[in-house]
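J.: with the input below, show me the fold.
(one chain, ligands or ions: 1)
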Amino acid sequence: MGFIGRIKEEFQVIQERDPAIKTPLEVLLYPSFRVMIQYRKAHRLYEKGHYFLARWISQRAARKTGIEIHPGAKIGKGLFIDHGAGVIIGETTVIGDNVTLYQGVTLGGTGKETGKRHPTLRDNVMVSAGAKILGSFTIGENSKIGAGSVVLEEVPPNCTVVGVPGRVVRKENQKVPRVDMDHVHLPDPTLEDIHYLQHENERLRSELQKMSYELKDMQEREEKCRRARELAEQKREKE
Ligand SMILES: CC(C)(COP(=O)(O)OP(=O)(O)OC[C@H]1O[C@@H](n2cnc3c(N)ncnc32)[C@H](O)[C@@H]1OP(=O)(O)O)[C@@H](O)C(=O)NCCC(=O)NCCS
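T.: Predicted coordinates:
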């Protein structure tokens, strides 16, 4: 697709995806529009091996828009980055078509991998504000990542993932019951700890209650003995 075609596409994407837009001219002010034009340029240079020039363009765009896209990232059609501030897209990231990212999203690496270090986002994925996707796994088609989540493992298609670490709460538009978490291979250590603590709390509470009944029982028996002794003494004194 030529330059004009790309610009038309960006106009269409932003107008379709942002309900806040009132006039087509506003598109020119969107950081998403500006950064995507620069990214396409930088990516072409990167593919031809002009790494310095490619990085120079992408860093300049990052300073102007707050969105840092490494020129090595592979991005499909219709990416929309709403607001944009603080978005980071790493070098080996792959993004499919019609993906939406909000401000503060990081598509990054964990620092432990080499080669492909960043995530792959399939078509129609939405990543909400502040979410971090770290590692070289795939987020399946049509999946949504909730605001503030930290996703560290593969996400199947058509899922909603929330939390830290990210866990699937909705699959194929059905809520995922918490007991079924293992079925989607996303263990949740925090939830397991909470369940363990709840269980321990119940156990300690019932033990404490048992001990308090026993203590009351002992006190009553002691009181009875004391009274019996007093009565016996009074009786002896009268005799
Ligand atoms: C994840 C999200 C996309 C909703 O997806 P959804 O598939 O409709 O999921 P639901 O709203 O049914 O939520 C499912 C569960 O996840 C919880 N949840 C939703 N978003 C969450 C989040 N960001 N963090 C933690 N839990 C969240 C809900 O409370 C619900 O829990 P419950 O089952 O115990 O009631 C949405 O909540 C979200 O995060 N939107 C943010 C969009 C954004 O970034 N906007 C910025 C504009 S500037």
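
J.: how much space separates Glu9 from the ligand?
T.: Counting by C-beta to the nearest ligand atom, to the nearest Å, the separation of Glu9 from the ligand is 23 Å. For glycine as for every other residue, the C-beta is placed from the backbone atoms N, C-alpha and C.

J.: please list all residues in contact with the nearest residue to that residue once chain neighbours are set aside.
T.: Closest residue to Glu9 apart from its sequence neighbours, by C-beta to C-beta, 6 or more residues apart in numbering: Lys77 at 6.6 Å. Counting by C-beta atoms under 8 Å, 6 or more residues apart in numbering, Lys77 touches Glu9, Asp97, Asn98.

J.: and the helix or strand containing the first one, C-alpha only, in CSV?
T.: With secondary structure defined by DSSP states H and E, Glu9 is part of helix 3-17. Provided in CSV are the C-alpha atoms of helix 3-17 (Å, rounded to 0.1, in the frame of the first residue of the first chain):
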residue,chain,number,x,y,z
PHE,A,3,1.7,6.5,1.4
ILE,A,4,-1.6,8.0,0.6
GLY,A,5,-3.3,4.7,1.1
ARG,A,6,-1.7,4.4,4.5
ILE,A,7,-2.9,7.9,5.5
LYS,A,8,-6.5,7.1,4.4
GLU,A,9,-6.4,3.9,6.4
GLU,A,10,-5.2,5.7,9.5
PHE,A,11,-8.0,8.3,9.1
GLN,A,12,-10.5,5.5,8.8
VAL,A,13,-9.2,3.6,11.8
ILE,A,14,-9.2,6.5,14.2
GLN,A,15,-12.6,7.8,13.1
GLU,A,16,-14.1,4.3,13.5
ARG,A,17,-12.4,3.5,16.8
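
J.: and that helix, what other elements does it pack with?
T.: helix 31-47, strand 80-81 (3 or more C-beta pairs under 8 Å, 6 or more residues apart in numbering; DSSP states H and E).

J.: residues of stretch 211-221 that come out buried?
T.: Of all the residues in stretch 211-221, not one is buried under the rule 16 or more other C-beta atoms under 10 Å.

J.: got it, and stretch 162-180?
T.: Val162, Gly163, Pro165, Gly166, Arg167, Val168, Val169, Arg170, Lys171, Val176.

J.: which residues sit in contact with the residue nearest the centre of the chain?
T.: Closest residue to the average C-alpha location of the chain: Ser149 at 1.7 Å, with C-alpha atoms, centre = their mean. In this structure, Ser149 makes contact with Ser128, Ala131, Lys132, Val161, Val162, Gly163, Val164, Gly166, judged by C-beta under 8 Å, 6+ apart.

J.: any idea how far Val35 is from it?
T.: Plainly put, Ser149 is 23 Å away from Val35 if you go by C-beta to C-beta, to the nearest Å.

J.: ok, now Glu154?
T.: Glu154 is 28 Å from Val35, by C-beta to C-beta.

J.: so those two - more neighbours on which side?
T.: Val35 (25 against 16; other C-beta atoms under 10 Å).

J.: Ile14 touches Ser32, doesn't it?
T.: Yes. Between Ile14 and Ser32 there is a contact under C-beta atoms under 8 Å: 6.3 Å.
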